[in-house]
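> With the input below, show me the fold.
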Amino acid sequence: MARNNYYNKGDPYSEWHRALPNDLGYIDCDCVGICLKCKQPIYLAETTFDVGQPWKATTTTAALAKMAGLPSFLIFYKVDKNREVIGFRIKQLTPKMTREKTIKPGTWVNMMELLKEKHLKEDCKK
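Now for the predicted structure:
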């Protein structure tokens, strides 16, 4: 986890952990898509508010996804003045890294639905 929190301050555990010595690493799991039938994970994602930055550290998220055999993504999200999500820059991290794509919210919904359908056909236990 980054030593300094730039966007979403106020999570007491996060703020407490950031104040600990540097040799105690920690990241939060930003997004774990799940199957509502069997409650198993479908994908992992690292999310970040889009301020035009070219990257965000994703090493641990990608490693966890590989260990779990899940796809994973880096998701930069844009919001309007009412804080409604209006767009994404998304890059798949695993199982194969892709180039970043700029997409609309509906396109990401479609992608999540495809991940869910694949899980229901191949892996769901219910």
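> To what extent is the nearest residue in space to residue 80 that is not next to it in sequence buried, counted in neighbours?
Among residues not flanking residue 80 along the chain, residue 86 sits closest, at 5.0 Å (CB to CB, 6 or more residues apart in numbering). In short, each C-beta sits where N, CA and C put it, glycine included. Neighbours of residue 86 under the rule other CB atoms under 10 Å: 14.
> now whichever helix or strand residue 86 is part of, how far from the centre of its chain.
Assigned by DSSP states H and E, residue 86 falls within strand 85-94. The chain centroid and the centroid of strand 85-94 are separated by 9 Å under CA atoms, centre = their mean, to the nearest Å.
> re the thing from before, my read is that the residue nearest to residue 80 contacts residue 79, right?
Yes - under the criterion of CB atoms under 8 Å, residue 86 makes contact with residue 79 at 6.3 Å.
> if we can go back for a sec, can you tell me which residues contact the residue nearest to residue 80?
Residues in contact with residue 86 (CB atoms under 8 Å, 6 or more residues apart in numbering) are 78-80, 105.
> Hmm, residue 101 and residue 90 touching each other?
Yes - between residue 90 and residue 101 there is a contact under CB under 8 Å: 5.7 Å.
> Can you give me the buried ones in whichever strand or helix holds residue 106?
In this assignment (DSSP H and E), residue 106 forms part of helix 105-122. Under the neighbour-count criterion of 16 or more other CB atoms under 10 Å, helix 105-122 has 108, 111, 115-116, 119 buried.
> ditto for stretch 55-62
Neighbour-count burial for stretch 55-62, counted by 16+ other CB under 10 Å, picks out 56, 58, 61-62.
> Looking at those, which is nearest residue 24?
Nearest to residue 24 among the buried residues of stretch 55-62: residue 61, at 18.8 Å, using CB to CB.
> Does the closest one touch residue 71 like I think?
No - applying CB under 8 Å as the test, residue 61 and residue 71 come out as separate, 11.1 Å apart.
> Give the intersection of the neighbour lists for the two.
Common contacts of residue 61 and residue 71 (CB under 8 Å, 6+ apart): 44, 93.
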